[in-house]
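*Asks:* pasting a predicted model and its sequence here:
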There are 2 protein chains.
Amino acid sequence: MSEIAVLCDDVAEAVARAIKELVGTQKGNRVVGMGADGTPSKLIDIVAEDAALEILASSGIDMKVVSEEKGSFAYGERPEFTVVLDPLDGTFNATRNIPFYSVSIAIGNNDLSDIRYAKVFNLANGTDFTASLGEGALCNGQEIQTSSVNRMQDLTVATYAYDNGWDVLKRLGRQVRRIRTLGSVALELCYVASGSFDAFVDTRNRLRMMDVAAGLLIIKEAGGKVTDGQGNLPNGELSVIDRVNIVASNGIIHTALEKTIGL
Amino acid sequence: MSEIAVLCDDVAEAVARAIKELVGTQKGNRVVGMGADGTPSKLIDIVAEDAALEILASSGIDMKVVSEEKGSFAYGERPEFTVVLDPLDGTFNATRNIPFYSVSIAIGNNDLSDIRYAKVFNLANGTDFTASLGEGALCNGQEIQTSSVNRMQDLTVATYAYDNGWDVLKRLGRQVRRIRTLGSVALELCYVASGSFDAFVDTRNRLRMMDVAAGLLIIKEAGGKVTDGQGNLPNGELSVIDRVNIVASNGIIHTALEKTIGL
C-alpha cells in the first residue's frame, strides 16, 4: 500500500475514534465557532478536524491542506501534494445518530481536476471507498463499478434541492424511479460509484471542493461520468471558497439526465 | 418484559439473522413473485417474512397476521391480537447495502387507531425503537421524545413525493431547513419520535398499514402528533390493501405544517 493510502487510512481511523463519544449528543452539536468555509462549526466538526490534522502534521510529509474549519495552509516548505479534507461530511446525521456520515480525503495538486487518490469512509459502519487515478475504485477492498441502468424511468437519483432547485427536482422527479437525500454528499457520490445509486444531482451551486473532491475520482475510476450539469468537467482551484454544481452518473444516461435537469 | 415484547424481539432477531447473507447481493434482489400488497416480492423480502412467520407460528399464540407478502391470515381459532408486519421495510436499501432497512411490527386489534405495542428494528445496525400504549417510547431502552423545534424555517422533514406530490414538496421545501428521503418509512417515523427529524410527510396515498402502524404508535408515545394531512387521525382496517396519507410531527408545528402542505 502506498504511503498516501496509509496516511489516509490513519486519518479515517483517527477521526472515527475521536468523534465516537460525541455521536448523537447535544454536546457534539454545540456551535463553537465559524469555519473557514463560512458555515458554523459544531464541536464534533472541530474534534474531527483536530484528529485528522494531528495525523497529517505528525507524518513529517510537506503538504498543503484545504480543510473545512481551518481553511488553506501548509505543513513544511516544499509541499508534495494537497490534501482536500472534509473531516465530517454529514454533521447533521452524526449529531442525530443517523448512520450515514463520513470523512472525505482527496490527494491532488491545485485543481479539482487533478485528484490522484481518494478515500471516503462511513464513520457509522466502517464502509470504506477508495480510488487511485488509473487504477480503479474499491469498496472495502473489492472493485466497484457504476450501474448499467439505461432508462430514465429506472433511475435512482440522490439529489439536493434547497434554494431555487425545486423546479429542477420536479422535472427530475417526474422522470425517474426514486429520489433519495441521505445527508452525506461524499457517501452519496460513492453510492453512484458502487452502482447502489445511478446518479447524483446537485445544482444549488453550493457544493464545496471538500464535499466532492474524493467522490468525483471514485466515480470516474468506477466507470462513471461527472459534469457541472452543462456538459463541462468540474474544475476549480482547491480552496475552501469555490462552489460547484455536480451531475454524476453511470455515464450511460448522462446526456439524458443533463437534458432533463435543463440548466 | 411482556410476552408480546419478547415475541417481537424474537421476530426481529430472526429476520436479522435470516437476511444477513442476502444484504447487498444481486441474489437477494431477484424478483420471485408478487406480494399480497400488489408489489413485486424480492427473494430477500420472502426470506425475511418466512423467518418472521416461523417465530409467530411456533409461539403457540392464536393471532391474526397482516403481512406484506402473504397478506391476511390467522394462526389458531381465537386470535388474541393482530400482528401488522413489514418483514423488510427499505428493501432497496438492503439490496444496495445502504444501512437503513428495518423490520416493523405492530400489535393491535382491527384498526390502525388501536395499536398497543410497536417495534421498529434497524437491521443494518441494531438500533431498536419500541413503544407500549400509555407507557412511552424507547430507543435502545432509553426514553425518547419528539423535538422542540417550533419554527417552520428550522424544520428537518423526511418526505416522499413521487407521482403528483412534487408541488407539495416544493411548497414544503421552500419553507423548511432540510428535506430528507432515506428509504425506510418505518425508520424515518421513528426518527421523528426520537427528535432526529422534526416531521414526516407522505401524501402520495400510497403508504400501507404495514409501513406505518408501528411508527405511528412510537411517535404518539414520544409526544408527537400524527394526522392524515387534513387534521384527522389516521385510521383504517388493518389490511394489506388500504392506503393512507401521513403527516407526523413533534406536535408543536403540526398545524403550520398541514397549512403549508395545503391538501
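*Replies:* Looks like it came in fine. Numbering: from 1, shown residues only, chains lettered A, B, ... in the order given.
*Asks:* from here on, just use CA atoms for contacts and neighbour counts.
*Replies:* Fine.
*Asks:* ok, for the residue lying farthest from the centre of chain A, nearest residue in space, not its chain neighbours?
*Replies:* Relative to the mean C-alpha coordinate of chain A, counting by Cα atoms, centre = their mean, the farthest residue is A:Glu77 (28.0 Å). In space, and not counting its chain neighbours, A:Glu77 is closest to A:Asp62: 6.5 Å by Cα to Cα, 6 or more residues apart in numbering or on different chains.
*Asks:* in this structure that neighbour contacts A:Val83, no?
*Replies:* No - contact criterion Cα atoms under 8 Å: A:Asp62 and A:Val83 do not qualify, at 10.7 Å.
*Asks:* who's more crowded, these two?
*Replies:* Comparing A:Asp62 with A:Val83 by other Cα atoms under 10 Å in any protein chain shown, the one with more neighbours is A:Val83, at 27 against 17.
*Asks:* give me the element the more buried one is part of.
*Replies:* strand A:82-89 (DSSP states H and E).
*Asks:* now A:Leu216
*Replies:* Taking DSSP H and E as the criterion, A:Leu216 maps to helix A:209-221.
*Asks:* so for that helix, mean pLDDT?
*Replies:* In this model, helix A:209-221 has an average pLDDT of 97.
*Asks:* quick one: contacts for whatever residue of the stretch 1-150 of chain A ends up closest to chain B?
*Replies:* Residue of the stretch 1-150 of chain A nearest chain B, by Cα to the nearest Cα: A:Arg96 (5.0 Å). A:Arg96 makes contact with A:23-25, B:196, according to Cα atoms under 8 Å, 6 or more residues apart in numbering or on different chains.
*Asks:* how much space separates it from A:Lys42?
*Replies:* Relative to A:Lys42, A:Arg96 is positioned 13 Å away (criterion: Cα to Cα, to the nearest Å).
*Asks:* and A:Val65, by the same measure?
*Replies:* A:Val65 is 20 Å from A:Lys42, by Cα to Cα.
*Asks:* equivalent analysis for A:Val201, please.
*Replies:* 27 Å.
*Asks:* who has more neighbours, the two?
*Replies:* Using other Cα under 10 Å, the more surrounded residue of A:Val201 and A:Lys42 is A:Val201, with 26 against 21.
*Asks:* hang on, that one packs against A:Thr156?
*Replies:* No - contact between A:Val201 and A:Thr156 fails when scored by Cα under 8 Å: they sit 10.9 Å apart.
*Asks:* coming back round to it: how big is the angle separating the strand holding A:Val83 from helix A:209-221?
*Replies:* For strand A:82-89 against helix A:209-221, the angle by axes from the mean of the first three to the mean of the last three Cα atoms, to 10 degrees is 100 degrees.
*Asks:* about what we covered before: of the contacts of A:Arg96, which qualify as buried by neighbour count?
*Replies:* A:23-24, B:196 (16 or more other Cα atoms under 10 Å in any protein chain shown).
*Asks:* quick one: which of the residues you listed sit in helices?
*Replies:* Nothing among the buried ones among the contacts of A:Arg96 maps onto helices, per DSSP state H.
*Asks:* out of those residues, which comes closest to B:Glu69?
*Replies:* Using Cα to Cα, B:Ser196 comes nearest to B:Glu69 of those, at 30.6 Å.
*Asks:* kindly check the end-to-end length of stretch A:180-198 for me.
*Replies:* Terminal residues of stretch A:180-198 are spaced 11 Å apart (Cα to Cα).
*Asks:* an error on my part: the question was meant for stretch A:127-137.
*Replies:* 13 Å.
*Asks:* and it, anywhere near chain B?
*Replies:* No - counting by Cα under 8 Å from any Cα of the partner chain, chain B is not contacted by stretch A:127-137; separation bottoms out at 9.6 Å.
*Asks:* pull out the buried positions in that stretch.
*Replies:* Residues of stretch A:127-137 classed as buried: A:127-132, A:136-137 (neighbour count, 16+ other Cα under 10 Å).
*Asks:* how far is it from where the chain is centred?
*Replies:* From the chain centre to the centre of stretch A:127-137 is a distance of 13 Å (Cα atoms, centre = their mean, to the nearest Å).
*Asks:* now it: average pLDDT?
*Replies:* 98.
*Asks:* which stretches of the stretch 151-263 of chain A form helices?
*Replies:* Secondary structure of the stretch 151-263 of chain A (DSSP state H, counting those that start in this stretch): helices at A:166-175, A:185-193, A:209-221, A:254-261.
*Asks:* which outside residues touch stretch A:60-68?
*Replies:* So stretch A:60-68 is in contact with A:35-37, A:49, A:71-87, A:210, A:238-240, going by Cα under 8 Å, 6+ apart.
*Asks:* hey, which helix or strand in chain A has the poorest pLDDT?
*Replies:* Here the helix or strand of chain A ranked lowest by mean pLDDT, DSSP states H and E is helix A:166-175, holding a mean of 88.
*Asks:* residues near A:Arg177, how many?
*Replies:* By other Cα under 10 Å, neighbour count at A:Arg177 equals 15.
*Asks:* do A:Gly35 as well
*Replies:* Look at A:Gly35: counted by other Cα under 10 Å, it has 18 neighbours.
*Asks:* got it, and the one 10 residues further on?
*Replies:* By the measure other Cα under 10 Å, the count of residues near A:Asp45 is 27.
*Asks:* is it in a helix, a strand, or coil?
*Replies:* With DSSP: H, G, I helix; E, B strand; the rest coil as the basis, A:Asp45 sits in helix.
*Asks:* skipping its backbone neighbours, what lies nearest it in space?
*Replies:* Closest to A:Asp45 by Cα to Cα, 6+ apart is A:Leu88, at 6.0 Å.
*Asks:* quick one: pLDDT of A:Ala36?
*Replies:* Reading off the model, A:Ala36 has pLDDT 83.
*Asks:* enumerate every residue touching it.
*Replies:* Residues near A:Ala36 by Cα under 8 Å, 6+ apart: A:68-71, A:240.
*Asks:* before we move on, what about A:Ala131?
*Replies:* Neighbouring residues of A:Ala131 by Cα under 8 Å, 6+ apart: A:117-119, A:137-138, A:217-218, A:221.
*Asks:* among the contacts of A:Arg96, which pair sits farthest apart?
*Replies:* A:Val23 and B:Ser196 (12.1 Å).
*Asks:* how far away is the most centrally placed residue in chain A from chain B?
*Replies:* Centroid check for chain A by Cα atoms, centre = their mean gives A:Ala186 as the closest residue, at 2.6 Å. Taking Cα to the nearest Cα, to the nearest Å as the measure, A:Ala186 and chain B are separated by 14 Å.
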